[in-house]
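1. Sequence first, then the predicted structure:
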Amino acid sequence: MLEHLPKKWVGMIAESLDQKAAPSVDWNQVKRRHRRKLFQRSLAGLGGIAAAAILTWGLGLMIKHPQTPYAFEVTAEWYSDSLSSTYADLDNIFAMTVAMMDEE
Amino acid sequence: MVSAPEDNDRVLVERWTRLRDEGAWRLLMRRYDLLVRRTLAALGLKAGEEVDDLLQDFWWEQSRTIKRWKGESSLGTYLASGARRRGIDLIRKQTRRRRHQTDTPIEDLALADTQKSHSGVDLKAVLERCYNQLESEERLLFLYREIEGWSVAETAATMGIAEGTVKSRLSRIKQKLKDMLQKEGWDARAFA
């Protein structure tokens, strides 16, 4: 019984592998592709930053503009009132606590 | 800067990593290009856009990380390990994608293609078909031991298996191939 495969068979298998294999790549090709990917990624990054900047600028305009939409005014007023009443409550709680400590 | 053709791998790697000698890098690429492409082909990855992209990404990545090779194993086994890992990742990605499109696994596609092209008693076509019927890891093991002529230790290191396992698996693979070819009417003894 043969322990080894015939060399001819091994050679033929190697040939068929080489035929199926992808073609060689050139180092210049690799560098060009990498530069292209880097450029595309940079463009995408810049695009994202530009979009964020435009959005922020647009929001800023809406808030500062004299004719701010009613919803923004109401929301701002609501936050202001809520904060004021919260501070007032905290003041009351503090005053009551001090009074209780004095009584003791 | 021009490299002398007889430089060994370590010198070439040093020239590339320290001096950015492109001649040295190109020589290394030429030297191991066939091994890397054969590794991908043995995994079942045929020529195409994705494999071309993989190869380019592979060589770019290696050009940046080759300094990690400390010479414990040969440069060939180091590069083949990297190519094998990337190849397996791509196969998994392709298999996941194909499962959404069709139920045919990639191994069967490779086999189906070979069967369509086979006709008559062409030994090469029969050998190719039988080789494709092996598991991808079996094909790799056969490639490294029988075709590339690596030692048992190098093969074991690349595949991440024990040396004893390399020997026993290779013996089984050869027997499997002989049996498959016998069924097709080809006797290995006639080629001894």
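-> That came in fine, so what should we check first?

2. hey, which helix is longest across chain A?
-> Looking across chain A with DSSP state H, the single longest helix is helix A:27-64.

3. How far away from the center of its chain is it?
-> Helix A:27-64 sits 12 Å away from the centroid of its parent chain (CA atoms, centre = their mean, to the nearest Å).

4. and it, is it in reach of chain B?
-> Yes. Contact of helix A:27-64 with chain B (CB under 8 Å from any CB of the partner chain) involves A:27, A:29-31, A:33-34. Quick note: C-beta positions are derived from backbone N, CA and C, even for glycine.

5. what mean pLDDT would you report for the following helix or strand past that helix?
-> Note on helix A:27-64: by DSSP states H and E, the next helix or strand toward the C-terminus is helix A:70-103. Taken as a whole, helix A:70-103 has a mean pLDDT of 72.

6. ok, and for helix A:70-103, which residues are buried?
-> Buried residues in helix A:70-103, counted by 16 or more other CB atoms under 10 Å in any protein chain shown: none are found.

7. Same question for stretch B:130-149.
-> Buried-residue list, stretch B:130-149, by 16+ other CB under 10 Å: B:130-134, B:136-148.

8. what's the distance between B:Glu148 and B:Asp89?
-> 22 Å (CB to CB, to the nearest Å).

9. same deal with A:Val30?
-> For A:Val30, the distance to B:Asp89 (CB to CB) stands at 19 Å.

10. So for these two, which residue has more residues nearby?
-> Neighbours per residue (other CB atoms under 10 Å in any protein chain shown) separate A:Val30 from B:Asp89, with A:Val30 holding more: 21 against 11.

11. show me the contacts for that one.
-> Going by CB atoms under 8 Å, 6 or more residues apart in numbering or on different chains, A:Val30 touches B:56, B:59-60, B:63.

12. restrict those residues to contacts with chain A.
-> B:56, B:59-60, B:63.

13. Nearest residue to the middle of the chain?
-> If you meant another chain, say so; for now it's chain A. When CA atoms, centre = their mean is applied to chain A, the residue found nearest the centroid is A:Gly48 (9.3 Å).

14. that's the wrong chain, I meant chain B
-> Short answer for chain B (CA atoms, centre = their mean): B:Thr39, at 1.2 Å.

15. Report pLDDT for residue 36.
-> Defaulting to chain A. Note for A:Arg36: predicted pLDDT of 91.

16. looking at chain B here, not the other one
-> pLDDT, read off for B:Val36, is 96.

17. Would you mind checking which helix or strand in chain B has the lowest mean pLDDT?
-> helix B:106-117 (a mean of 43; mean pLDDT, DSSP states H and E).
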